[in-house]
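turn this into a structure:
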Amino acid sequence: MGRTNFSTIIPSLAPRSGDLALDRLLSPARHFDHPDDVLRDGTLHLSEKRAILSSWASDACAVESMPALRQPPGARRPVPFDVIMDALRRLDAPASAIEDRNETARRPDRQRLDA
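Now for the predicted structure:
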């Protein structure tokens, strides 16, 4: 079987695949302009959204001389690192809220001590 000569370090340099779902994971900048677009995509699983946002946050996507910005190959414009991290926090917020509620339900009621 022949080898494909494209970078595996920066997946966005990979050629388009025939599979749209795979292409969105390998080259998210071709499909999403902003981290909020990733969060709103109802066809992606939570883990896929996390993988895409994490790849954007990677130092490999840092804009030279501007470390607070990330611009994955193929992206139309840079995105602030803080915006990407905020999207990751919002992605995890529903899960942590559910965990907090479950933890509260498991604990016996304790009298609150105000100091």
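
for Ile52, give me its contacts.
Ile52 makes contact with Arg24, Leu25, Pro28, Phe32, Val38, Leu44, according to CB atoms under 8 Å, 6 or more residues apart in numbering. In short, each C-beta sits where N, CA and C put it, glycine included.

in which helix or strand would I find it?
helix 46-57 (DSSP states H and E).

any idea which of the contacts of Ile52 is closest to Ser58?
Pro28 (11.6 Å; CB to CB).

not counting sequence-adjacent ones, nearest residue to the closest one?
Ile52 (4.4 Å; CB to CB, 6 or more residues apart in numbering).

how about the helix holding Ile52: buried residues?
Judged by neighbour count (16 or more other CB atoms under 10 Å), helix 46-57 contains these buried residues: Glu48, Lys49, Arg50, Ile52, Leu53, Ser55, Trp56, Ala57.

quick one: the strands in the chain, in order.
For the chain, the strands defined by DSSP state E occupy 62-63, 66-70, 79-80.

among the ones you listed, which is the most enclosed?
strand 79-80 (a mean of 18; mean count of other CB atoms under 10 Å).

partner strands of that one, with direction?
Strands that pair with strand 79-80, judged by DSSP bridges, come out as strand 66-70 (antiparallel).

who touches the strand it pairs with?
Against strand 66-70 from outside (CB under 8 Å, 6+ apart): Trp56, Ala57, Ser58, Cys61, Ala62, Val63, Pro78, Val79, Pro80, Phe81, Asp82, Ile84.

which of those has the weakest pLDDT?
Looking at these by pLDDT, the weakest one is Cys61, with 80.

so how far is Arg24 from that one?
16 Å (CB to CB, to the nearest Å).

likewise His45?
For His45 relative to Arg24 (CB to CB), the value is 12 Å.

do the same with Gln71
18 Å.

quick one on the thing from earlier: okay, His45 and Arg24: which has more neighbours?
Set side by side, His45 and Arg24 show more neighbours around Arg24, with 19 against 8, by other CB atoms under 10 Å.

Provide a list of residues in contact with the more buried one.
Taking CB under 8 Å, 6+ apart, one finds Arg30, His31, Phe32, Leu44, Ile52 in contact with Arg24.
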